[in-house]
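>>> Got a predicted structure here, sequence first:
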Amino acid sequence: GESVGLHLPTLSVQEGDNSIINCAYSNSASDYFIWYKQESGKGPQFIIDIRSNMDKRQGQRVTVLLNKTVKHLSLQIAATQPGDSAVYFCAEKDSSASKIIFGSGTRLSIRP
Amino acid sequence: SQTIHQWPATLVQPVGSPLSLECTVEGTSNPNLYWYRQAAGRGLQLLFYSVGIGQISSEVPQNLSASRPQDRQFILSSKKLLLSDSGFYLCAWCRDRRTEAFFGQGTRLTVV
């Protein structure tokens, strides 16, 4: 659900290591999930999505895992690069409705 | 290809003044449209969404309103701004209930 009032947690990762960003969602009826990357001063950009009939989906250097039993979503970034520094948000959507609800977000910081 | 335009990029308005932010989408028809607000260092709060001309769903009661006078135009308005209306306003569109949303570049509003 929405956690818009909370300060963003930070994940610090060594350059070249893998990053794992977690997200919990609240609506059991949500059946479509999206990860977004937001750089400072810009709008969120789509990274990858997954539907509820899947538990894993891979893209270029990114993998999304979905665990519907515990309502948990994760984004894995392989070989993290300086350009991956940003805030990452998960979003959930109930396809019987039209609204998209964002999670609280995680700031990813890369150590050289 | 589809594009979303949002303006202005920045805006400084006095307390009690009116507001009008405009968002237009090109290259698609009958999109779902969204307005979000983001406070500094926080998550995205859904304000309004629209599935068609003249159809507006409000998520958060406040002194803002939204209108959709044309298929690909979404306007966020206020008659009298409050200090608490300051934030980063983002417009987004998606093709239908089962697809991802694409965001504009945002408007940073400062109410003084």
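Good, I have the coordinates.
>>> Who's the closest spatial neighbour of whichever residue of chain B sits closest to chain A, skipping the chain neighbours?
Evaluated by Cβ to the nearest Cβ, chain B has B:Phe103 as its residue closest to chain A, separated by 3.4 Å. To be clear about C-beta, it is placed using only N, CA and C from the backbone, and glycine gets the same treatment. Ranked by Cβ to Cβ, 6 or more residues apart in numbering or on different chains and with sequence neighbours excluded, the top spatial neighbour of B:Phe103 is A:Gly43, at 3.4 Å.
>>> I figured the one you found hits B:Gln105, correct?
Yes - judged on Cβ atoms under 8 Å, A:Gly43 makes contact with B:Gln105 at a distance of 5.2 Å.
>>> quick revisit: specify the beta-bridge partners of the residue of chain B closest to chain A.
Listed beta-bridge partners, B:Phe103: B:Ala92 (assigned using DSSP bridges).
>>> can you pull the contacts of A:Leu75?
Going by Cβ atoms under 8 Å, 6 or more residues apart in numbering or on different chains, A:Leu75 touches A:19-21, A:23, A:35, A:47-48, A:62-64, A:88, A:90.
>>> sorry, back to before: how confident was the prediction at the residue of chain B closest to chain A?
With respect to pLDDT, B:Phe103 scores 96.
>>> From B:Ala66, how far off is it?
B:Phe103 sits 16 Å away from B:Ala66, going by Cβ to Cβ, to the nearest Å.
>>> Next up, the contacts around residue 14.
Picked chain A for this. Going by Cβ under 8 Å, 6+ apart, A:Gln14 touches A:80, A:110-111.
>>> that answer is for a different chain, and I need it for chain B
B:Pro14 is in contact with B:81, B:111-112, counting by Cβ under 8 Å, 6+ apart.
>>> And A:Ala91, by the same measure?
By Cβ under 8 Å, 6+ apart, the contact list for A:Ala91 reads A:33-36, A:100-103, B:101.
>>> So which of those sit within strands?
A:33-36, A:100-102, B:101 (DSSP state E).
>>> possible to save these as JSON lines with neighbour count?
Formatted as JSON lines, these follow (neighbours: other Cβ atoms under 10 Å in any protein chain shown):
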{"residue": "A:Phe33", "neighbour count": "24"}
{"residue": "A:Ile34", "neighbour count": "23"}
{"residue": "A:Trp35", "neighbour count": "26"}
{"residue": "A:Tyr36", "neighbour count": "26"}
{"residue": "A:Ile100", "neighbour count": "24"}
{"residue": "A:Ile101", "neighbour count": "23"}
{"residue": "A:Phe102", "neighbour count": "24"}
{"residue": "B:Ala101", "neighbour count": "25"}
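>>> Closest to B:Glu59 out of those?
A:Ile101 (9.1 Å; Cβ to Cβ).
>>> wait, that closest one sits on B:Leu46?
Yes - between A:Ile101 and B:Leu46 there is a contact under Cβ under 8 Å: 6.4 Å.
>>> where does the chain dip in pLDDT?
All of this refers to chain A. A:1-7 (pLDDT under 70).
>>> wait, chain B
B:61.
>>> Which residue ranges of it form strands?
Assigned by DSSP E, chain B shows strands spanning B:3-7, B:10-13, B:19-26, B:32-38, B:44-52, B:55-58, B:64-70, B:73-78, B:87-94, B:101-103, B:107-111.
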